[in-house]
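# make a model of this:
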Amino acid sequence: MDVAKHELNHPWEGVPVTPAHGSDVGVLVLAGSSGRIEHERARILAQQGIIALSIR
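The predicted model follows:
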């Protein structure tokens with residue numbers, strides 16, 4: 001499934017990843033204490049039809 005990925009810089013750093021066809025379901029992806037943005041995990045969720053937002 002195709003996905004669209006965008007980088008956010010303000011007001012926080014992050015990446016929203018959406019399925020190309022859109023979705024009514026979304027999740028917030030958190031990485032814990034590592035402080036990283038979970039690009040890969042968000043992409044996998046979007047490929048399954050879920051809007052995923054990973055922020056730092």
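# just the helices in the protein please.
Along the chain, counting by DSSP state H, helices occupy 39-47.
# the helix-or-strand element of the chain with minimal mean pLDDT: how far from the chain's middle?
In the chain, the helix or strand scored least confidently by mean pLDDT, DSSP states H and E is strand 3-5, which has a mean of 92. For strand 3-5, the separation from the chain centroid amounts to 9 Å (computed by CA atoms, centre = their mean, to the nearest Å).
# packing partners of that strand?
Secondary-structure packing of strand 3-5 (3 or more CB pairs under 8 Å, 6 or more residues apart in numbering; DSSP states H and E): strand 14-19, helix 39-47. Placement of C-beta: from N, CA and C, glycine included.
# show me what the first one is packed against.
Strand 14-19 makes packing contacts with strand 3-5, helix 39-47, strand 51-55 when contacts are defined by 3+ CB pairs under 8 Å, 6+ apart.
# let me have those in CSV, adding distance to Pro19 as columns.
Formatted as CSV, the helices and strands packed on strand 14-19 follow (distance: least, CB to CB, whole Å):
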stretch, distance to Pro19
strand 3-5, 6
helix 39-47, 5
strand 51-55, 7
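# so which of these is the most packed in?
strand 51-55 (a mean of 21; mean count of other CB atoms under 10 Å).
# quick check: mean pLDDT across that strand?
On average, the pLDDT along strand 51-55 is 95.
# distance from the chain centre to that strand, please.
That offset, for strand 51-55, works out to 3 Å (CA atoms, centre = their mean).
# who touches it?
Contact with strand 51-55 is made by 8, 12-19, 22-23, 25-31, 37-39, 41-43, 45-46, as judged by CB atoms under 8 Å, 6 or more residues apart in numbering.
# just the buried residues of the residues you listed.
Listed as buried from the contacts of strand 51-55 are 14-19, 29, 37-39, 41-43, 45-46; burial here means 16 or more other CB atoms under 10 Å.
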